[in-house]
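> Take a look and give me a structure for this.
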Amino acid sequence: MARITYIEHNGTRHEVDVKPGMTVMEGARDNGVPGIDADCGGACACSTCHVYVDPAWVDQLPPKDPMEEDMLDFAYQPDPGRSRLTCQIKVTEALDGLVVQMPERQI
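Presented below is the predicted three-dimensional model:
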């Protein structure tokens with residue numbers, strides 16, 4: 001298991017154990033974490049699972065593929081260095097301790 005910390009825009013923290021092989025989005029959805037809407041169900045067809053990755057973790061994640069880059073153009077206030085779609089981040093044991101923060105809203 002990997003412990004992922006999801007931080008709502010208002011600062012509320014949710015620490016969740018997520019099984020390797022799942023995505024960070026599935027971990028939020030399956031544990032009732034508010035702020036990640038995941039309207040497309042993880043198909044990388046929207047930007048409603050957008051988060052800001054904690055700066056300490058940015059370089060530890062796999063790079064964004066072109067489809068994720070395109071979808072982030074539609075996200076609310078994307079940050080070129082920290083924004084990711086949680087449906088595109090596969091959980092591994094190496095991500096134990098990952099911290100992500102939700103934007104003020106999802107669009």
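
> just checking, Thr5 is part of a strand?
Yes. The assignment for Thr5 is a strand, going by DSSP: H, G, I helix; E, B strand; the rest coil.

> mind listing what it touches?
Applying C-beta atoms under 8 Å, 6 or more residues apart in numbering, we find Thr5 in contact with Arg13, His14, Glu15, Val16, Gly97, Leu98, Val99, Val100. In short, each C-beta sits where N, CA and C put it, glycine included.

> I'd like the residues you listed as CSV, with neighbour count appended.
CSV is the format used below for the contacts of Thr5 (neighbours: other C-beta atoms under 10 Å):
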residue, neighbour count
Arg13, 10
His14, 17
Glu15, 13
Val16, 17
Gly97, 14
Leu98, 23
Val99, 18
Val100, 23
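
> So which of those is the closest to Arg84?
The closest of the contacts of Thr5 to Arg84 turns out to be Val100 (C-beta to C-beta; 7.6 Å).

> what about that closest one, which SS state?
Classification of Val100 using three-state DSSP returns strand.

> what does Arg105 give?
Under three-state DSSP, the three-state class of Arg105 is coil.

> Next one: it relative to Ile4, how far apart?
Distance, Arg105 to Ile4, by C-beta to C-beta, to the nearest Å: 21 Å.

> Neighbour count for these two, which is higher?
Set Arg105 next to Ile4 and count neighbours by other C-beta atoms under 10 Å: Ile4 wins out with 25 against 12.

> May I ask you to confirm that Glu93 is in contact with Arg3?
No. Under the criterion of C-beta atoms under 8 Å, Glu93 makes no contact with Arg3, lying 10.3 Å away.

> and the two? which has more neighbours close in?
Taking other C-beta under 10 Å, Glu93 and Arg3 do not tie; Arg3 has more neighbours (14 against 8).

> now the protein, which segments are flagged as low pLDDT?
Counting by pLDDT under 70, the chain shows no low-confidence range.

> Now do the phi/psi pair for the spatially most central residue of it.
In the chain, the C-alpha nearest the mean C-alpha coordinate belongs to Thr86, at 2.9 Å (C-alpha atoms, centre = their mean). Recorded main-chain torsions at Thr86 are phi -70, psi -20, according to degrees, to the nearest 10.
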